[in-house]
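[1] Turn this into a model:
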Amino acid sequence: MYESKLANPSLDRLFQAISVLESQEEYYRFFEDICTISELHAIAQRLDVAVMLSGDETYTRIAETTGASTATISRVKKCLNYGANGYRIALARLDLTDGTEPE
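    Down below sits the predicted model:
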């Protein structure tokens with residue numbers, strides 16, 4: 001079982017709140033209230049970068065396509081290679097990678 005170093009009651013409550021949302025409309029409503037537009041775009045951009053890195057795209061192509069800085073691309077790549085496997089789990093379940101879910 002995975003034990004995050006970040007775990008705390010506030011984050012637990014946030015994740016529980018997300019888990020009870022039932023539709024894309026509810027996700028939009030919740031995230032529009034809880035995040036700024038810039039925060040949402042930054043999170044979405046990181047996911048786009050993860051998708052492209054998983055597809056072996058070059059940093060140049062990723063930067064051109066997503067507008068992400070090379071620092072952001074490097075950080076996402078580090079998470080893909082050495083992180084908690086959160087990106088890989090999500091990408092596999094969304095069928096955006098080769099379908100192999102990490103353990």
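[2] Low-confidence bits of this protein, can you list those?
    97-103 (pLDDT under 70).
[3] how about 90 then?
    1-2, 95-103 (pLDDT under 90).
[4] middle-most residue in it, spatially?
    In the chain, the centroid-proximal residue (Cα atoms, centre = their mean) is Leu47; its distance is 4.4 Å.
[5] which ones are touching that residue?
    Shown in contact with Leu47 (Cβ atoms under 8 Å, 6 or more residues apart in numbering): Tyr87, Ala90. C-betas here are computed from N, CA, C, even on glycine.
[6] Following the chain onward from the host helix or strand of it, which element is next?
    Using DSSP states H and E, the element containing Leu47 is helix 37-54. The helix or strand immediately downstream of helix 37-54 is helix 59-66, counting by DSSP H and E.
[7] Now that following helix: buried residues?
    Across helix 59-66, burial judged by 16 or more other Cβ atoms under 10 Å covers Tyr59, Ile62, Ala63, Thr66.
[8] I'd say Thr70 and Tyr59 touch.
    Yes. Thr70 lies in contact with Tyr59 (Cβ atoms under 8 Å); the separation is 5.7 Å.
[9] For the one helix or strand Asp33 maps to, name the packing helices and strands.
    Here Asp33 sits within helix 24-34, counting by DSSP H and E. Applying 3 or more Cβ pairs under 8 Å, 6 or more residues apart in numbering; DSSP states H and E, we find helix 24-34 packed against helix 9-19.
[10] Need the contact partners of the helix it packs on.
    Against helix 9-19 from outside (Cβ under 8 Å, 6+ apart): Tyr27, Phe30.
[11] how far is that helix from where the chain is centred?
    Distance of helix 9-19 from the chain centroid (Cα atoms, centre = their mean, to the nearest Å) equals 16 Å.
[12] Grab the nearest non-local neighbour of Ser74.
    Tyr59 (8.0 Å; Cβ to Cβ, 6 or more residues apart in numbering).
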